[in-house]
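In: Okay, sequence plus prediction incoming.
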Amino acid sequence: MTKDQKSSHPSMRPVNDSILTRESWKIFQIMAEFVEGFEQLARIKPSVSIFGSARTDPNHPTYKLAEEIAHALSDAGFSVVSGGGPGIMEAANKGAFSGKSPSIGLNIVLPMEQSGNPYQDISLSFRHFFSRKVMFVKYASAYVVLPGGFGTLDELAEILTLVQTGKTRRIPIVLVDKKFWAGLVDWFTDKLVTEGMIDRDDLDLFKVVDTTQEVLDHIFQHYEQRGFEPSEEEKERLLDL
């Protein structure tokens, strides 16, 4: 390709000034989301982030289980953080709202589907998934992941990647409902481990359980030999999250 041909390529053409200005100003909106999130969430520790489908009906057993888990965690002294929407997110907020500790919703602005649930002591709204995802991780002492779709899998993959690569501290990652997660865990073992995509030890980054008590037991066992507050080394990692 000649120099003239390169200069006529779409990727080399000048950017419209109004578009560039708008993109640049988005930085301040993103900064505002981080600042508000840090200010609101820095005081809720220890906390547990709970994930699951927005489409789960309130009469579904998984909704009831999520509500029970959140209530138990709240009474045990954990603030509960969810995505703030319907389904499992609502169940988590509802359970925490009726417990002793704060219920937090990190709501996302979407063209459709999500609307905030009424069970939030602290409610934050985000336009950007990536800034919201940082808030789920930064102050979490544990992740509890119930059955869900792409969004739930996205959050699960995010925390597994961050812990695996050492970009965040090791925290309990608990998958609830063995039957639901069995196919994914088998695929991790049969494909990812077998083909060298992950180490077999990486399967120890998470635990699969069925009951509320198992969730609590796994979290408290993890912290038996240490406090919930990050160490100084871990705090440095979290600054670079």
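Out: Now that the structure is in, tell me what you want to look at. Numbers count the residues shown, from 1 in each chain.
In: show me the contacts for the residue nearest to residue 134 when sequence neighbours are not counted.
Out: Take residue 134 and drop its neighbours on the chain: the residue closest to it by Cβ to Cβ, 6 or more residues apart in numbering is residue 241, 6.0 Å away. Using the backbone N, CA and C atoms, a C-beta is placed for each residue, glycine as well. By Cβ atoms under 8 Å, 6 or more residues apart in numbering, the residues touching residue 241 are 134, 137-138, 162, 167-168.
In: Please report how far the closest residue to residue 109 other than its chain neighbours lies from residue 90.
Out: Excluding its sequence neighbours, the residue lying closest to residue 109 (Cβ to Cβ, 6+ apart) is residue 127, at 5.0 Å. Residue 127 is 21 Å from residue 90, where distance means Cβ to Cβ, to the nearest Å.
In: The two: which has the busier surroundings?
Out: Counted by other Cβ atoms under 10 Å, residue 127 and residue 90 do not tie: residue 90 has more neighbours, with 28 against 14.
In: quick revisit: could you tell me which residues make contact with the residue nearest to residue 109?
Out: Residues near residue 127 by Cβ under 8 Å, 6+ apart: 29, 33, 108-109.
In: does residue 49 sit in a helix, a strand or a coil?
Out: strand (DSSP: H, G, I helix; E, B strand; the rest coil).
In: Which pLDDT value goes with it?
Out: Residue 49 is assigned a pLDDT of 98 by the prediction.
In: What mean pLDDT does stretch 185-200 get?
Out: Mean predicted confidence for stretch 185-200 is 98.
In: same check, this time on stretch 203-216
Out: Across stretch 203-216, pLDDT averages out at 98.
In: Then stretch 66-83?
Out: Regarding stretch 66-83, the rounded mean pLDDT is 97.
In: in that stretch, what counts as buried?
Out: Across stretch 66-83, burial judged by 16 or more other Cβ atoms under 10 Å covers 66-67, 69-74, 78-83.
In: Over to stretch 153-162?
Out: For stretch 153-162, by 16+ other Cβ under 10 Å, it's 155-156, 158-160, 162.
In: Unless I'm misreading it, residue 222 sits right up against residue 142, doesn't it?
Out: Yes - using Cβ atoms under 8 Å as the test, residue 222 is close enough to residue 142 to be in contact (7.5 Å).
In: Now the common contact residues for these two.
Out: Joint contacts of residue 222 and residue 142 (Cβ under 8 Å, 6+ apart) are 171-172.
In: which helix of the chain spans the most residues?
Out: Among the elements of the chain assigned as helix by DSSP state H, the one spanning the most residues is helix 17-41.
In: start to end distance for stretch 132-147?
Out: Start-to-end span of stretch 132-147 (Cα to Cα, to the nearest Å) is 20 Å.
In: Now do that stretch: distance to the chain's middle.
Out: Distance of stretch 132-147 from the chain centroid (Cα atoms, centre = their mean, to the nearest Å) equals 3 Å.
In: Going by residue numbers, what spans are strands in this structure?
Out: With DSSP state E, the ranges of strands along the chain come out as 47-51, 79-82, 103-108, 122-126, 140-145, 173-176, 207-209.
In: Give me the angle between the fifth one and helix 17-41.
Out: Between strand 140-145 and helix 17-41, the angle formed by their directions is 110 degrees, by axes from the mean of the first three to the mean of the last three Cα atoms, to 10 degrees.
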